[in-house]
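Enquirer: Sequence and predicted structure are below.
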Amino acid sequence: HVQLVESGGGSVQVGGSLRLSCVASVDTIGRYCMGWFRQIPDKEREGVAGIESDGSTSYADSVKSRFTVSQDSARNILYLQMNSLKPEDTAVYYCVRFGSQFATLASSAVNWGQGTQVTVS
C-alpha cells in the first residue's frame, strides 16, 4: 500500500511562492507516475502536474510555466514548486500516484495523500 504525506502548504501573498513536499513509501518515487491534484471548494479535483518515472513532466494549462514538479528518488520525495501564485490557486493540494500516466481527471489517481491547504491572498 502506497502512503503519501504532504507538507509545505500555508498562506502566501499574490505573486509569492511556495514549495510543497510529499514523502512517499519506499520505492514509490521514480517507480510510478506521480503528481499533484488540487481541489477548490465546491469544485471537482483537478490534476495540475505529473512526473513519469523517467522524469518527463506534464502540467495543466492553468499552471504551466508557473509550477514545477520534481522528484528525489533516493529520498522518496515529490515536490511541487509554485511561483507567481494567484488567488485562484487557493485550494487543498494532494499528492497522488497515478494508475498509468498523468491526467487531469481524479479517477486517474489510485493513491492520495491527506492534502495540504494553500491560500493565496
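Expert: Yep, it's here. In this text the structure is predicted, and so the values were computed from the model without any measurement.
Enquirer: wait, what's in contact with the residue nearest the centre of the chain?
Expert: Closest residue to the average C-alpha location of the chain: W36 at 2.2 Å, with C-alpha atoms, centre = their mean. Contact partners of W36, counting by C-beta atoms under 8 Å, 6 or more residues apart in numbering, are 20, 22, 47-50, 69, 78, 80, 93-96. (C-beta placed from N, C-alpha, C; glycine too.)
Enquirer: what about it, is that helix, strand or coil?
Expert: strand (DSSP: H, G, I helix; E, B strand; the rest coil).
Enquirer: ok, now how distant is it from L78?
Expert: 8 Å (C-beta to C-beta, to the nearest Å).
Enquirer: Same check on Q39?
Expert: Distance from Q39 to L78, by C-beta to C-beta: 18 Å.
Enquirer: Mutual contacts of W36 and L78, please.
Expert: Common neighbours of W36 and L78 (criterion: C-beta under 8 Å, 6+ apart): 22, 69, 95.
Enquirer: need these in JSON lines with pLDDT and distance to S62, can you?
Expert: Output for the shared contacts of W36 and L78, formatted as JSON lines (pLDDT from 0 to 100; distance: C-beta to C-beta, whole Å):
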{"residue": "C22", "pLDDT": "98", "distance to S62": "20"}
{"residue": "V69", "pLDDT": "98", "distance to S62": "14"}
{"residue": "C95", "pLDDT": "97", "distance to S62": "18"}
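Enquirer: Sounds good, over and out.
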